[in-house]
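J.: When you get a sec, could you give me coordinates for this:
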Amino acid sequence: MSRWFRSEHMEYISLIVNEDAAHDCLADLGKLAAIQFTDLNPDLTPFQRRYVSYVRRCDELERKLRFFANECDNFGLTLESAGDIDTFLDSPSVLGSSARSLTSGVGKSDATGTQLLESLEVELEGYEGQLKELNAYSEKLTREYNEKVELQEVLEKARRFFMSDAPRMAVSELGGRKSSGARSDALLSGGDDEARDMDMRFSSITGVVATEEKVRFERMIFRATRGNCYVRFAPIKQAITDPETGSLIEKCVFIVFFKSLSIETKLKKICDAFFAHRYSLPDMDDAPAVDRMLTENAQELVDSRTVLLKNQDTRFRLCQMLAQHTERWTWIVLREKAVYHTLNMFKADVSGMLRGEGWVISESFDDVRMSVNRAHSEMDTNMPSHVDQVPKPWPTPPTHFTTNKFTYGYQEFVNTYGIPRYREANPALFTAATFPFLFGVMYGDIGHGLFLFCAEGDVAEMTGTYGDGSSVYPFGLDPIWHVAANELLFFNSFKMKLSVIFGIVQMFSGTCLKGLNAIYFGKRLDFLFEFLPMVAFAASLFIYMVVLIFMKWSINWNSRMLSATCLDPAGDGWGSVDYQETVNGKTGVWVECDGNGDGTCTPWGYSCQGNDDLADKCPLDFGGSGDGCQPPNLITTLINIALAPGVVDEPMYNGQAGMQNLLLAVAGISVPVLLCAKPYFLSKETSTHHHSHDEEEDEEEHGLGEILIHQAIETIEFVLGMVSNTASYLRLWALSLAHSELATVFWEKAILSTLNVNWFATFIGYGIFAGTTFGVLLCMDVLECFLHALRLHWVEFQNKFFHADGVRFAPYSFKQILKDAGSSN
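T.: You can find the predicted model right below:
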């Protein structure tokens with residue numbers, strides 16, 4: 001846990017490598033995931049970088065691999081996993097047959113560097129060319145197949161219409177009209193009767209239109225021709241495949257009858273606008289010609305389907321092969337792209353050598369040096385490598401914590417709010433313990449269930465009579481409170497005080513962490529004039545509040561109140577064991593009075609007169625109206641510390657008024673010290689480093705003003721924050737109360753109220769109880785308690801010491817790159 005308390009030590013290193021071995025060096029460093037490189041070419045645009053051509057080649061390979069993945073997805077094929085990332089990184093690259101032939105006989109660096117990209121480019125380009133050619137051929141075949149299917153449907157629907165509904169009514173576009181749009185030639189030659197018969201014939205246009213466009217298509221024809229045409233539709237049962245998108249489209253056959261050349265022109269334009277396919281048909285009166293066309297088209301349809309299925313099978317087998325390697329190829333390309341992208345951050349100060357700088361985890365420094373040296377030794381280069389630490393001053397180091405499955409979640413809670421500074425105390429270490437605890441305090445049932453789970457399972461039995469010390473519960477509250485008349489008042493008071501205690505302890509712990517940070521970073525002024533005044537202010541008012549709460553709980557108020565109670569020495573109450581006060585060196589000793597008063601005495605021997613004040617009858621002599629024998633109202637006591645200094649109406653110990661005045665003075669002095677001391681000493685330190693020139697004096701005054709403003713903001717935030725944050729912790733009490741009361745209401749109203757009705761009402765009541773419990777208590781209340789616990793850590797706890805302006809360590813890691821790519825996909 002000590003490693004989790006502060007971030008890992010970092011070192012800023014300079015790395016000089018031979019350009020020929022740079023690829024292998026970075027390939028090994030990417031597996032370590034221990035170095036974060038700094039861009040040494042910030043002035044260069046991405047297109048001016050040294051290895052931009054290699055990055056572009058990787059981008060092109062990524063595009064091809066995305067194309068393969070989309071094609072596999074169109075066939076419903078799942079890309080075969082490349083296995084575990086660690087195994088992939090430790091194994092050599094696995095390429096296809098053409099890549100292996102290209103890389104055979106070359107060295108390790110060539111096979112994993114430039115030659116690797118060339119091999120992948122050759123292999124993937126070949127597969128892409130095959131797939132694109134097959135796709136283009138498939139689109140062409142699909143379009144031809146669709147045309148034959150549509151023509152078959154048009155022929156069948158048109159023949160059925162002409163045979164059943166309108167024999168000898170129309171002349172088809174091809175058989176009855178010329179291509180230039182001239183009037184139809186007569187099918188029968190003869191006299192005037194035949195001519196008049198031809199004048200009564202209508203021309204027709206047949207085709208196929210999408211079903212979803214049917215209503216708009218018909219409306220447009222009606223408006224364009226002013227109703228001077230006759231339209232019939234017939235649906236096509238099987239859906240037609242769109243050759244471009246591959247989606248299925250519902251279509252229908254249409255036949256439009258008209259009697260004008262101008263209408264024909266309009267109809268053709270409308271068909272083109274709606275992407276309707278028009279088909280020329282023979283004369284429907286010529287049955288042999290129609291049958292012959294149907295037979296020929298049906299045979300062509302079978303041939304087209306055979307060729308189309310063959311093409312689809314070839315594409316499917318090619319995609320099956322690609323699905324086995326696409327993910328692995330993608331990982332290889334991403335790895336190579338990361339290498340060249342990182343090489344673009346290096347600077348070529350000397351010809352043939354590259355220099356890089358970056359942050360490395362201190363304990364991994366030797367591993368980095370070994371990796372670089374190993375890469376150079378395998379390349380057998382004469383130029384040695386150089387890895388060494390850069391002398392300070394350094395840039396701001398990044399923050400890195402080593403986490404596991406348990407600590408990762410809590411670290412992300414903190415990182416969501418802000419990254420800790422380098423080597424700053426990590427709030428996540430404390431969040432891992434306090435977050436579940438505060439959540440359990442608000443939710444309640446988690447704690448109860450945990451105690452029941454850890455119990456031995458024995459049946460509880462009374463070990464003594466009620467009220468005896470042997471029957472006191474070792475943990476928790478007496479269940480008798482749940483049936484007491486003042487249950488709600490007692491639990492409210494108890495939970496409110498516990499909430500205040502938890503809050504003050506957690507906030508004070510955060511203030512102490514501020515002091516630990518000041519000591520660790522050697523900030524003497526922060527420790528003396530920020531941390532110590534903060535501790536003095538918090539302890540004098542808020543820690544004192546906790547002390548008063550525990551003191552009130554620990555005092556035997558039955559004994560104190562009994563010591564100021566007038567009793568008859570001959571009565572039954574005289575000599576009770578409840579009296580345990582120490583008077584004149586004697587504890588619990590009953591003393592009879594001289595009987596000069598009304599005949600009653602206090603346990604310590606005071607003679608009661610009948611009109612005595614409580615202060616007269618109390619033996620403690622603490623002052624105030626109660627003299628220490630009456631339990632105080634803590635809220636009033638705490639308010640009077642500031643509003644009525646020196647006045648304690650119901651003291652709990654001797655000298656309480658003087659102690660509270662002293663604490664108030666400490667709190668009052670700590671505020672101006674917190675406000676003014678640090679800016680004053682900072683200004684003195686600054687003035688010793690400057691000469692007394694006018695410009696420098698102006699700069700000094702300007703800096704002092706900024707320091708004063710910043711310190712004033714911090715002082716106001718801390719002083720007012722201690723008050724408001726303490727009140728904010730009352731949400732622990734409020735949510736705990738809401739959870740318990742809601743559970744009680746649901747049980748009483750849904751279960752208890754229906755038990756005495758009948759079995760059906762009880763059944764319905766249980767359903768209501770189960771539904772409300774699940775929806776409100778197990779869903780809504782869990783989320784509410786989670787958010788409130790998160791807020792208490794982010795705002796109330798972390799703002800006492802946490803700056804949240806650190807820089808997260810982003811190592812050069814192949815594993816993280818591949819994980820991010822997998823999650824984005």
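J.: Where is the longest helix in the protein?
T.: Secondary structure of the chain per DSSP state H: the longest helix is helix 287-343.
J.: which regions of the chain lie under the pLDDT threshold?
T.: Applying pLDDT under 70 to the chain flags the ranges 1, 92-113, 164-201, 380-383, 445-476, 688-703, 825.
J.: can you give me the helices in the stretch 501-650 of the chain?
T.: 524-526, 532-538, 544-554, 557-563, 614-617, 634-643 (DSSP state H, counting those that start in this stretch).
J.: centre of the chain versus the fourth one, how much separation?
T.: By that I understand helix 557-563. Computed by C-alpha atoms, centre = their mean, to the nearest Å, the chain-centroid distance of helix 557-563 equals 57 Å.
J.: Please write out the alpha-carbon positions of it in PDB.
T.: What follows is helix 557-563, C-alpha atoms only, in PDB (Å, rounded to 0.1, in the frame of the first residue of the first chain):
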ATOM      1  CA  TRP A 557     -26.100  11.300  33.600                       C
ATOM      2  CA  ASN A 558     -28.300   9.100  35.800                       C
ATOM      3  CA  SER A 559     -25.800   9.400  38.600                       C
ATOM      4  CA  ARG A 560     -25.300  13.200  38.100                       C
ATOM      5  CA  MET A 561     -29.000  14.000  37.900                       C
ATOM      6  CA  LEU A 562     -29.600  11.700  40.900                       C
ATOM      7  CA  SER A 563     -27.000  13.600  42.900                       C
END
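J.: ok, residues contacting it?
T.: 576, 578-581, 583, 602-604, 617-620, 628-631 (C-beta atoms under 8 Å, 6 or more residues apart in numbering). Backbone N, C-alpha and C define where each C-beta goes, glycine included.
J.: change it to 10 Å
T.: With C-beta atoms under 10 Å, 6 or more residues apart in numbering as the test, helix 557-563 has contacts from 556, 573, 576-583, 587-588, 602-604, 606, 614, 617-620, 626-631, 652.
J.: Next, the buried residues of it.
T.: With burial defined by 16 or more other C-beta atoms under 10 Å, the residues of helix 557-563 counted as buried are Ser559, Arg560, Met561, Leu562, Ser563.
J.: Then the first one?
T.: The neighbour-count check on helix 524-526 (16+ other C-beta under 10 Å) flags Leu525, Asp526 as buried.
J.: likewise the fifth one?
T.: Taking 16+ other C-beta under 10 Å as the basis for neighbour counts, the residues of helix 614-617 that come out buried are Leu614, Ala615, Lys617.
J.: before we move on, back to that, dump the helices of the stretch 501-650 of the chain to a markdown table, plus distance to Gln411.
T.: Below are these laid out as a markdown table (distance: least, C-beta to C-beta, whole Å):
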| stretch | distance to Gln411 |
| --- | --- |
| helix 524-526 | 26 |
| helix 532-538 | 27 |
| helix 544-554 | 30 |
| helix 557-563 | 47 |
| helix 614-617 | 57 |
| helix 634-643 | 38 |
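J.: closest one to Tyr729 among those?
T.: Between Tyr729 and the helices of the stretch 501-650 of the chain, the shortest separation by C-beta to C-beta is 12.0 Å, and it involves helix 544-554.
J.: Can you name the residues in contact with that closest one?
T.: Residues contacting helix 544-554 (C-beta under 10 Å, 6+ apart): 494, 497-498, 500-505, 508, 538-539, 631-635, 637-638, 641, 652-653, 656, 659-660, 663-664, 666-667, 726.
J.: Filter these down to the buried ones and express that as a PyMOL selection.
T.: Only the buried entries of the contacts of helix 544-554 go into this PyMOL selection, using 16+ other C-beta under 10 Å:
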select buried, resi 497+498+500+501+502+503+504+508+538+539+632+634+637+638+641+652+656+660+663+664+666+667+726
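J.: dump the residue contacts of Glu530.
T.: Taking C-beta under 10 Å, 6+ apart, we find Glu530 in contact with 511, 514-515, 518, 523, 673-674, 677-678, 711, 714-715, 718.
J.: ok, 7 Å please
T.: Leu674, Lys678 (C-beta atoms under 7 Å, 6 or more residues apart in numbering).
J.: ok, it to Trp794 distance?
T.: Computed as C-beta to C-beta, to the nearest Å, the Glu530 to Trp794 distance reads 21 Å.
J.: ok, back up a step: would you mind giving the buried residues of helix 614-617 as JSON lines with distance to Leu489 added?
T.: Converted to JSON lines, the buried residues of helix 614-617 look like this (distance: C-beta to C-beta, whole Å):
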{"residue": "Leu614", "distance to Leu489": "23"}
{"residue": "Ala615", "distance to Leu489": "28"}
{"residue": "Lys617", "distance to Leu489": "28"}
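J.: From those, pick the one nearest Leu777.
T.: Proximity of these to Leu777 (C-beta to C-beta) peaks at Leu614, which lies at 46.5 Å.
J.: Please look at the closest one and Ala564 and confirm they touch.
T.: Yes - counting by C-beta atoms under 7 Å, Leu614 touches Ala564, with 5.7 Å between them.
J.: Could I get the buried residue list for stretch 244-255?
T.: Residues of stretch 244-255 classed as buried by neighbour count (16+ other C-beta under 10 Å): Lys251, Cys252, Val253, Phe254, Ile255.
J.: For the strand or helix carrying the last one, which strands pair with it and how are they oriented?
T.: Secondary structure assignment for Ile255, by DSSP states H and E: strand 251-258. Strand 251-258 pairs in its sheet with strand 202-210 (antiparallel), strand 230-235 (antiparallel), by DSSP bridges.
J.: With only the CA atoms kept, save that strand in CSV.
T.: Extracted in CSV, the C-alpha atoms of strand 251-258 (Å, rounded to 0.1, in the frame of the first residue of the first chain):
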residue,chain,number,x,y,z
LYS,A,251,-41.4,-3.7,-55.6
CYS,A,252,-44.6,-3.8,-57.6
VAL,A,253,-45.5,-4.0,-61.4
PHE,A,254,-47.4,-1.1,-62.9
ILE,A,255,-49.3,-0.7,-66.2
VAL,A,256,-50.3,2.7,-67.4
PHE,A,257,-52.7,3.1,-70.4
PHE,A,258,-52.8,6.4,-72.2
